[in-house]
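Trainee: no letters, just coordinates:
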């Protein structure tokens with residue numbers, strides 16, 4: 001029973017890591033269009049793709065020793081910390097578009113208003129719905145394939 005709980009926990013953590021990664025990539029794309037002038041966006045996208053693909057090649061070589069040396073929990077924790085560090089660095093970047101939006105929306109929205117706005121955005125975006133359904137289907141398939 002303990003192995004089943006660990007396996008289920010691992011699947012749930014993996015689901016959230018994949019979901020956050022997809023949302024992060026969408027945020028990166030939107031943020032780069034606000035930060036960079038239009039004539040530099042192609043070069044920036046090429047550099048981002050090159051870096052991303054290089055990390056996909058190097059990552060398993062670094063990840064496997066990390067998992068064997070410290071265990072899966074520490075590997076997931078280090079991955080989460082890398083997201084937090086990236087978020088902290090990107091949070092420091094101020095764009096003209098974000099500053100205009102912040103000054104327009106000086107009135108603080110409540111949680112439910114923002115939640116409703118986010119759900120409407122999700123409902124109207126085919127990409128976000130695809131990410132949600134694909135990730136949910138993957139999670140359900142993994143749970144269904146677990147031994148009872």
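Mentor: Structure received. Bear in mind that the values here come from a model prediction, so they are computed numbers and not experimental data.

Trainee: domains in this structure, by residue range?
Mentor: Under the assignment automatic domain parsing, the domains of the chain span 28-95, 108-148.

Trainee: could you tell me how many residues sit around residue 131?
Mentor: Residue 131: 19 surrounding residues under other Cβ atoms under 10 Å. All C-beta spots, glycine's among them, are computed from the backbone N, C-alpha and C.

Trainee: please identify the helix or strand for it.
Mentor: Residue 131 belongs to helix 126-144 when elements are defined using DSSP states H and E.

Trainee: in that helix, which residues are buried?
Mentor: The neighbour-count check on helix 126-144 (16 or more other Cβ atoms under 10 Å) flags 128, 131, 135, 139, 142 as buried.

Trainee: how close does the first one sit to residue 13?
Mentor: So the one you mean is residue 128. 22 Å (Cβ to Cβ, to the nearest Å).

Trainee: and what of residue 84?
Mentor: Distance, residue 84 to residue 13, by Cβ to Cβ: 15 Å.

Trainee: what about those two, which has more around it?
Mentor: Neighbours were counted for residue 84 and for residue 13 using other Cβ under 10 Å; residue 13 has more, 15 against 9.

Trainee: pLDDT score assigned to that one?
Mentor: With respect to pLDDT, residue 13 scores 80.

Trainee: residue 65 now?
Mentor: Looking at residue 65, its pLDDT stands at 85.

Trainee: and of the domains of the chain, who's closest to residue 19?
Mentor: The closest of those to residue 19 is domain 108-148. By Cβ to Cβ, the value is 5.0 Å.

Trainee: dihedrals phi and psi, residue 36?
Mentor: The phi/psi pair for residue 36 (degrees, to the nearest 10) reads phi -90, psi 150.

Trainee: cool, thanks, signing off.
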